[in-house]
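Engineer: What follows is a protein structure lacking sequence information:
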């Protein structure tokens, strides 16, 4: 009888543990630059902060670094609702904007925020080998630049190849139109220079999933430039580059793209041998 009761209690305990819901916590407005360097720069203190949304009763979870859109001229950090309660951490990043700064300041900010995640996410229970970069429009461009051009993370002694995956939403792969605007170049004139993700095509880059809206509804040639990025990555020998075009959706295509982002994270997490 005693053994039966012990077994019953043990089964109930296991059931309760499994049934326990994961809870989440958010830490807001964390500076990602060294605070001692920023005491005299009010704009850095205002914009160069991030929020960390994370499961507080899980360990070794994946993290999605999310860069907001807005043409590098507007926008504010956010934790997308579609990414909440999904067993992953989300880091929402603010960065400095044009016209208060010019290129490459916002790329430097994006890289500094990613470096902060690499250096700190384990304190929250995350796995530093499972950091994914994503974002919409300008945010997708910044995610791609940090992941493709290794010099930005090299400044922080981090190898961009240790990023688990890049999943930009409708991001420029040519030089961003705001960078061109700063140079007096029209948005209809495409440029591919060292501030274009396409310039940094390489075989050893992290896995790359490019997601865009419908080619007939997207901004300018946004689908086509992403398709060219995909083709050149494959020509270079990168075997884990894919593109997904969301038929019927325009540039604001985030709603159907978020499940694809989570599915890509799950695919790579499982490849690493972790449980999503």
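Structural biologist: Cool, got the structure. Keep in mind that what you see is a predicted model, and the values were worked out from it rather than measured. Residues are numbered from 1 along each chain as shown.
Engineer: Now stretch 193-203: buried residues?
Structural biologist: Residues 195, 196, 197, 198, 199, 200, 201 are the ones in stretch 193-203 that count as buried (16 or more other Cβ atoms under 10 Å). (Glycine included, C-beta is placed from N, CA and C.)
Engineer: If we ignore the residues flanking it in sequence, what's nearest the second one?
Structural biologist: Here the nearest residue to residue 196 in space, its sequence neighbours aside, is residue 175; by Cβ to Cβ, 6 or more residues apart in numbering that works out to 4.3 Å.
Engineer: pLDDT value on the one you found, please?
Structural biologist: Note on residue 175: pLDDT of 98.
Engineer: ok, it to residue 231 distance?
Structural biologist: 18 Å (Cβ to Cβ, to the nearest Å).
Engineer: Neighbour count: these two, which is higher?
Structural biologist: Each of residue 175 and residue 231 has its neighbours counted (other Cβ atoms under 10 Å); residue 175 has more, 24 against 13.
Engineer: Which residues are in contact with that one?
Structural biologist: Contacts for residue 175 (Cβ atoms under 8 Å, 6 or more residues apart in numbering) come out as 190, 191, 192, 193, 195, 196.
Engineer: Turn these into CSV, columns for pLDDT, secondary structure and distance to residue 34.
Structural biologist: Below are the contacts of residue 175 laid out as CSV (pLDDT from 0 to 100; DSSP: H, G, I helix; E, B strand; the rest coil; distance: Cβ to Cβ, whole Å):
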residue, pLDDT, secondary structure, distance to residue 34
190, 97, coil, 37
191, 97, coil, 33
192, 98, coil, 34
193, 98, coil, 30
195, 98, coil, 25
196, 98, coil, 29
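Engineer: I'd like those residues as JSON lines, with distance to residue 42 appended.
Structural biologist: Compiled in JSON lines, the contacts of residue 175 are given as follows (distance: Cβ to Cβ, whole Å):
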{"residue": "190", "distance to residue 42": "36"}
{"residue": "191", "distance to residue 42": "32"}
{"residue": "192", "distance to residue 42": "35"}
{"residue": "193", "distance to residue 42": "31"}
{"residue": "195", "distance to residue 42": "26"}
{"residue": "196", "distance to residue 42": "31"}
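Engineer: Tell me which two in those residues are the farthest apart.
Structural biologist: Greatest spatial distance among the contacts of residue 175 (Cβ to Cβ): 190 and 195, at 12.7 Å.
Engineer: sec struct for residue 73, please.
Structural biologist: coil (DSSP: H, G, I helix; E, B strand; the rest coil).
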